[in-house]
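[1] Turn this into a model:
(one chain, ligands or ions: 1)
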Amino acid sequence: MIGRIALVTGGSRGIGRAVVERFEKLGARVLAPSRAELDLRDGAAVEAYAAALGEPIDILVNDAGINPIAAYDTIADADLQEVLAVNLIAPFRLCRALAPGMVARRYGRIVNISSIWSLVAKPGRAAYAISKSGVNGLTRSLAVELAPHNVLVNAVAPGFVATELTYRNNTPEALVALTANLPIGRLGDPAEIAELVAFLASERNSFATGQVVVCDGGYSSL
Ligand SMILES: NC(=O)c1ccc[n+]([C@@H]2O[C@H](COP(=O)([O-])OP(=O)(O)OC[C@H]3O[C@@H](n4cnc5c(N)ncnc54)[C@H](OP(=O)(O)O)[C@@H]3O)[C@@H](O)[C@H]2O)c1
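    Purely as a prediction, here's the structure:
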């Protein structure tokens, strides 16, 4: 990734931070705006941030995401809108703003962080699931439009990864039971997701596009 410039959302912690560290180790220059610099709930702010970027972005990773757990019939409109704004609409806006530059330079890699909850279900995750299913659709649609220009678009769908999000949404007892049932017998490490993201975002990936690559220690294969 030497000479490449990457934009990574959600780089302050968890999977996003591991992606930033991996990319930097591979030689990329990484822009990882904090929430104070770029609040993804605010569509106008996303547009303004992208328009003000003075550098050519070669790699975009849409990592930032929220997953408030609530039964479908208790989800408030405002919460639904926030989940969709952060998880789906902001990634769409960033792709729409940055892909034309990639097309003009005939090189680009976009990796969207999806989730196994875009493919399999668990109670309390309806808002999150529709946002991440939308991310899968965005990934496939843009892959088809951008492939002729050497801009490849993929998604990574992690399972249970040891981040604040996972510890917030699952009790310690639930995590013990869950890991016992995971084929691999443990949670994922953010660095393990970052490794896959790094491959898809690099020149070494020259043919895979439009894919949702599951990385879940076998969870969704049971
Ligand atoms: N952990 C898992 O097991 C798992 C599984 C499947 C999918 N995922 C997905 O992987 C991605 C990263 O998850 P994670 O576990 O690393 O999450 P995390 O530890 O909770 O970190 C979330 C990141 O998103 C940022 N963010 C949230 N709301 C934002 C907003 N309004 N504006 C800007 N930034 C915002 C956070 O910034 P602040 O530091 O400012 O809050 C933080 O950097 C998410 O898309 C998540 O849905 C995670």
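[2] Next, the contact list for Ala191, please.
    Taking CB atoms under 8 Å, 6 or more residues apart in numbering, we find Ala191 in contact with Ala18, Glu21, Arg22. All C-beta spots, glycine's among them, are computed from the backbone N, C-alpha and C.
[3] how far away is it from Ala198?
    10 Å (CB to CB, to the nearest Å).
[4] Tell me which strands the strand ranked longest in the chain pairs with, and in which orientation.
    Criterion DSSP state E: the longest strand present in the chain is strand 151-158. Paired strands of strand 151-158, with direction, are strand 108-113 (parallel), strand 212-215 (parallel) (DSSP bridges).
[5] tell me the residue furthest from the middle of this structure?
    Glu173 (27.4 Å; CA atoms, centre = their mean).
[6] Can you list the neighbours in contact with the helix or strand harbouring it?
    Per DSSP states H and E, Glu173 falls inside helix 172-181. With CB under 8 Å, 6+ apart as the test, helix 172-181 has contacts from Phe160, Thr166, Tyr167, Asn170, Gly185, Arg186, Leu187, Leu222.
[7] Could you tell me which residues of the chain lie near the ligand?
    Contacts of the chain with the ligand, taken as CB under 6 Å from any ligand atom, map to 10, 12-16, 35, 38-41, 63-67, 86, 113, 115, 158, 160-161, 163-166.
[8] For the helix ranked longest in the chain, name the packing helices and strands.
    If you go by DSSP state H, the chain has its longest helix at helix 126-146. Helix 126-146 sits against helix 77-84, helix 90-105, strand 108-113, strand 151-158, with contacts defined as 3 or more CB pairs under 8 Å, 6 or more residues apart in numbering; DSSP states H and E.
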